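# give me the fold of what follows.
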Amino acid sequence: MEALQIELLRQVSPTRKMEMLAQLNASARILALAGLRSRFPQMTETELHRKLADLLLGQDLARKVFGEAGYVR
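Sure, this is the predicted structure:
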C-alpha cells in the first residue's frame, strides 16, 4: 500500500501537491484550535488565535509579529 501511495504521489503535479499541503496545514490549524478551545474554554477567539500563534511561532516571534495585544500567558 505504501509503495502505491508513493507512486501515486509521484504522478501528482507540483501545483496539486502544494494544494494538498495547504489543505493539510488548514486541517492542522483547525484541530489545534479545537484542542485549545477544549483546554481553555474561558478564552476569547482572539486569545485562542494568539495562543495558536505562540504554539506555531514560539512566544518571542509571536510577540514580535502580533505585539502584546491579546497576549496570554
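# not counting sequence-adjacent ones, nearest residue to the residue nearest the centre of the chain?
Note on the chain: the residue nearest the mean C-alpha position is R29, at 3.1 Å, using C-alpha atoms, centre = their mean. Among residues not flanking R29 along the chain, L52 sits closest, at 6.9 Å (C-beta to C-beta, 6 or more residues apart in numbering). For the C-beta atoms, the positions are set from N, CA and C on the backbone; glycine is no exception.
# what strand or helix carries the one you found?
L52 is part of helix 45-57 when elements are defined by DSSP states H and E.
# can you tell me the element the residue nearest to the centre of the chain falls in?
helix 14-39.
# pLDDT below threshold where in the protein?
Applying pLDDT under 70 to the chain flags the ranges 69-73.
# just to revisit the earlier point, hang on, the residue nearest to R29 packs against L36?
Yes. With contacts defined as C-beta atoms under 8 Å, L52 counts as touching L36 at a distance of 6.3 Å.
# relative to G35, how far out is K64?
25 Å (C-beta to C-beta, to the nearest Å).
# circling back to that earlier point, who does the helix holding L52 touch, helix- and strand-wise?
On a contact count with 3 or more C-beta pairs under 8 Å, 6 or more residues apart in numbering; DSSP states H and E, helix 45-57 meets helix 14-39, helix 59-66.
# just send those helices back as a markdown table, with distance to A3 too.
A markdown table is the format used below for those (distance: least, C-beta to C-beta, whole Å):
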| stretch | distance to A3 |
| --- | --- |
| helix 14-39 | 18 |
| helix 59-66 | 39 |
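# packed most tightly, which of those helices would that be?
Counting by mean count of other C-beta atoms under 10 Å, helix 59-66 has the highest mean neighbour count of the helices and strands packed on helix 45-57, with a mean of 13.
# what residues sit buried inside the helix holding L52?
48-54 (16 or more other C-beta atoms under 10 Å).
# separation between D54 and V65?
On the measure of C-beta to C-beta, D54 and V65 end up 10 Å apart.
# please apply the same query to E19.
26 Å.
# circling back to that earlier point, surely the residue nearest to the centre of the chain meets A53?
No. In this structure, R29 is not within contact of A53 by C-beta under 8 Å, at 10.5 Å.
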